[in-house]
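Chemist: With the sequence up front, the predicted model follows.
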Amino acid sequence: MASWDSVEIVQRHWVLAGSLVVSGIGLVFLRHWFSGGVCKSKARLDGKTVIITGANVGIGKETAKDLAKRGARVILACRDLEKAGQAAKEIRKESGNGNVVVQKLDLASLQSVRSFANKITETETRLDILINNAGIMRCPKWKTEDGFEMQFGVNHLGHFLLTNLLLDLLKKSAPSRIVTVSSLAHIRGKINFDDINLDNCYDPAVSYEQSKLANVLFTRELAKKLKDTGVTANCLHPGVIMTELVRHMSIWFKILLVPVSFLTFKSVQQGAQTSIYCAVSEELDNVSGLYFSDCAVKAIAPQGRDDDAAKRLWELSEKMVGLESEGQRLHVPES
């Protein structure tokens, strides 16, 4: 009887071991599946200049590191100069590229955006790639220096003004690229034209979704306006990543994310791949106005394909940042 018990124990151990192996393989497969695409381009960027907003942390920093390794002059456009300085030092060391510099940019201040753009146009002879990467996610009801709702102000308006002010330099350096980091959250977004700052009913998630939809619509309209200029504009979803973007979420929500993040969240390196792909891939030389995820074109939500909304948002944004009154409007070319 004892021998049969021993056999049964051994069998149970084998079953348990087999289950653990299968589970382990399953976990590895899931991690691989959620890791997304990888930029396979070996393109060099020697002699080219890149600006990346919010490049002191997260996917912006990883993107900067990759482009520096390709030989580019990389400008980290950041609000926190101390953190940006540390990031630049690390990127120089890891990439072997000493041409990595820091410039002050606070996207929550139109004055700061203008000062940054003025400095760039005065000191830089070219701009080949502009990556609108910085962002804020689900923050409380804060306002920018100019009185705009923070998420819309930083994620959309700051980049809208910055891009417009740098367009002449981008055109001069053509072929050049504008890459804007949006999000899958745009599929739940709606542009609240009658209450763009959400003063009547603020919800952090609704605000974030609106700002990410604005990124998509901005890219769509921008691509039309840049037709035949040699400047392309595309946007992307980097994937779900545990970065500093989640710092405004509750501690309990973050705790709940831990087991999920292990399986489904990308690493920062993986999250940067689509930004890198849109910035350097040779197959995108003449591609503009599209939305990417996992280094491939993906469908845009219906509200992100609304040309009337894109035009209306552009005109509203011009007024909000003061471009219209300055006569700096960018017109759609005659067909």
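Modeler: Happy to help now that I have it.

Chemist: burial of residue 201, as a residue count?
Modeler: As a burial measure, residue 201 scores 8 neighbours (other CB atoms under 10 Å). Where C-beta positions appear, they are placed from N, C-alpha and C, glycine not excepted.

Chemist: And the pLDDT for the residue nearest to it when sequence neighbours are not counted?
Modeler: Of all residues not flanking residue 201 in the chain, residue 195 sits nearest, at 7.7 Å (CB to CB, 6 or more residues apart in numbering). Looking at residue 195, its pLDDT reads 98.

Chemist: Tell me the spacing between residue 195 and residue 304.
Modeler: The gap separating residue 195 from residue 304 is 20 Å, by CB to CB, to the nearest Å.

Chemist: Residue 79: neighbour count?
Modeler: Neighbours around residue 79, by other CB under 10 Å: 18.

Chemist: what's the average pLDDT for stretch 162-179?
Modeler: The pLDDT scores in stretch 162-179 average 98.

Chemist: Kindly confirm my reading that residue 180 forms part of a helix.
Modeler: No. Read with DSSP: H, G, I helix; E, B strand; the rest coil, residue 180 is strand and lies in no helix.

Chemist: how near is it to residue 193?
Modeler: Distance of residue 180 to residue 193, given as CB to CB: 21 Å.

Chemist: neighbour-wise, which of these two wins?
Modeler: Each of residue 180 and residue 193 has its neighbours counted (other CB under 10 Å); residue 180 has more, 28 against 10.

Chemist: is it true that the more buried one touches residue 219?
Modeler: Yes. Between residue 180 and residue 219 a contact is recorded at 5.4 Å, counting by CB atoms under 8 Å.

Chemist: gap between residue 202 and residue 215?
Modeler: To residue 215, residue 202 is 20 Å away according to CB to CB.

Chemist: When those two are compared, which one has more neighbours?
Modeler: Each of residue 202 and residue 215 has its neighbours counted (other CB under 10 Å); residue 215 has more, 27 against 15.

Chemist: Nearest residue to the more buried one in space, please, no chain neighbours.
Modeler: Using CB to CB, 6+ apart and skipping residues adjacent in sequence, the residue nearest residue 215 is residue 182, 3.8 Å away.

Chemist: Tell me who's in contact with the one you found.
Modeler: Taking CB atoms under 8 Å, 6 or more residues apart in numbering, we find residue 182 in contact with 212, 215-216, 219, 235-237, 291.

Chemist: for the residue nearest to residue 211 when sequence neighbours are not counted, what are its contacts?
Modeler: Spatially, and ignoring its direct neighbours in sequence, residue 211 is nearest to residue 155 (3.7 Å; CB to CB, 6+ apart). When contacts are counted by CB under 8 Å, 6+ apart, residue 155 touches 135-136, 208, 211-212, 214-215.

Chemist: Check the secondary structure at residue 155 for me.
Modeler: Following three-state DSSP, we place residue 155 in the helix state.

Chemist: so what's it scoring on pLDDT?
Modeler: So residue 155 comes in at 98 (pLDDT).

Chemist: Could you find the closest non-adjacent residue to residue 178?
Modeler: Using CB to CB, 6+ apart, the closest residue to residue 178 is residue 233 (4.3 Å).

Chemist: count of residues packed around the one you found?
Modeler: Residues within reach of residue 233, counting by other CB under 10 Å, total 26.

Chemist: what does the helix or strand hosting residue 74 rub up against?
Modeler: Applying DSSP states H and E as the criterion places residue 74 in strand 73-78. For strand 73-78, contacts defined as CB under 8 Å, 6+ apart pick out 48-56, 60, 64, 67-68, 84, 87-88, 91, 97, 99-105, 116, 120, 124, 134.

Chemist: Kindly write the PyMOL command that selects the buried subset of those residues.
Modeler: Buried residues among the contacts of strand 73-78 (16 or more other CB atoms under 10 Å), as a PyMOL selection:
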select buried, resi 48+49+50+51+52+53+54+55+56+60+64+67+68+84+87+88+91+97+100+102+103+105+116+120+124+134
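
Chemist: so of the contacts of strand 73-78, which ones are in strands?
Modeler: 49-53, 100-104 (DSSP state E).

Chemist: Reformat these as a markdown table; add pLDDT.
Modeler: Output for those, formatted as a markdown table (pLDDT from 0 to 100):
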| residue | pLDDT |
| --- | --- |
| 49 | 98 |
| 50 | 99 |
| 51 | 99 |
| 52 | 99 |
| 53 | 98 |
| 100 | 98 |
| 101 | 98 |
| 102 | 98 |
| 103 | 98 |
| 104 | 98 |
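
Chemist: Let me have those in TSV, adding distance to residue 79 as columns.
Modeler: Below are the ones in strands among the contacts of strand 73-78 laid out as TSV (distance: CB to CB, whole Å):
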residue	distance to residue 79
49	21
50	18
51	14
52	13
53	9
100	18
101	16
102	11
103	11
104	7
